[in-house]
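Visitor: Pasting the sequence and the predicted coordinates here, then a few questions.
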Amino acid sequence: MKQPPYPAPDFTALDTDGKGHSLADYRGKWLVLYFYPKDDTPGCTTEACSLRDARDDIAALGAEVVGVSRDDASSHDKFKAKYTLNFTLLSDPEHELMDLYGAWGKKAFGQEGVLRRTFIINPEGTVVKVYGRVTPLGHGEQVLAELKELQAQK
């Protein structure tokens, strides 16, 4: 895993409405880009709800939250509706975006899959923080505190 700071890899992926999102869309804003294994599973739900609960405070700092999994738009729509998620979810079925960010690889028992990772990208498009092993519970508060710290350094 790369150590920050480094230029964030450019990407394009579709949201639940079929709209493409790329890194350039977030230029000038902070971006919290998080990768998770599967919609509506216990750990992923805990993480998503933690980020949902912190999202307004994160947005007040000029940051967007974007989640990425291999699930399709229909699954994302159900997940967002069930838990009132207030941020964008992108589909990466072929794990191309995950490969770019190092969020795909060997998991426990040697199987390959999505690695739960979060990246904080500054307004200039530089990865300034990587959470390599995310603990879902309280992750939103953790990201919020880190954003405040990073912004205080500027």
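Guide: Received the coordinates, thanks.
Visitor: Please, where are all the strands along this structure?
Guide: For the chain, the strands defined by DSSP state E occupy 6-7, 12-14, 20-22, 30-35, 63-69, 88-91, 104-106, 112-114, 117-121, 126-131.
Visitor: And Arg27, how close does it get to Glu64?
Guide: 11 Å (CB to CB, to the nearest Å). Just so you know, the C-beta spots here come from the backbone N, C-alpha and C atoms, and that holds for glycine as well.
Visitor: Could you do Ala13 as well?
Guide: Ala13 is 14 Å from Glu64, by CB to CB.
Visitor: so what's the residue nearest the centre of the chain up against?
Guide: The structure's the chain has its C-alpha centroid closest to Tyr34; by CA atoms, centre = their mean the separation is 1.6 Å. Applying CB atoms under 8 Å, 6 or more residues apart in numbering to Tyr34 gives the contacts 47, 51, 65-68, 117-119, 134, 139.
Visitor: on that earlier part again, same drill for Arg27 and Glu64, tell me which one is more crowded.
Guide: Glu64 (18 against 12; other CB atoms under 10 Å).
Visitor: Confirm for me that that one is in contact with Ile120.
Guide: No. Contact criterion CB atoms under 8 Å: Glu64 and Ile120 do not qualify, at 11.0 Å.
Visitor: Identify the contacts common to these two.
Guide: In contact with both Glu64 and Ile120: 30-32, using CB under 8 Å, 6+ apart.
Visitor: how far away is the residue lying farthest from the centre of the chain from Lys38?
Guide: Ranked by distance from the centre of the chain (CA atoms, centre = their mean), the top residue is Phe109, with 24.5 Å. Distance of Phe109 to Lys38, computed by CB to CB: 17 Å.
Visitor: So, low pLDDT: which residues of the chain?
Guide: For the chain, the stretches with pLDDT under 70 are 154.
Visitor: all helices in it, in order from the N-terminus.
Guide: Assigned by DSSP state H, the chain shows helices spanning 42-60, 73-83, 96-101, 139-152.
Visitor: Adding distance to Gly18 as columns, could you present those helices in a markdown table?
Guide: As requested, the helices of the chain are exported to a markdown table (distance: least, CB to CB, whole Å):
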| stretch | distance to Gly18 |
| --- | --- |
| helix 42-60 | 21 |
| helix 73-83 | 7 |
| helix 96-101 | 16 |
| helix 139-152 | 27 |
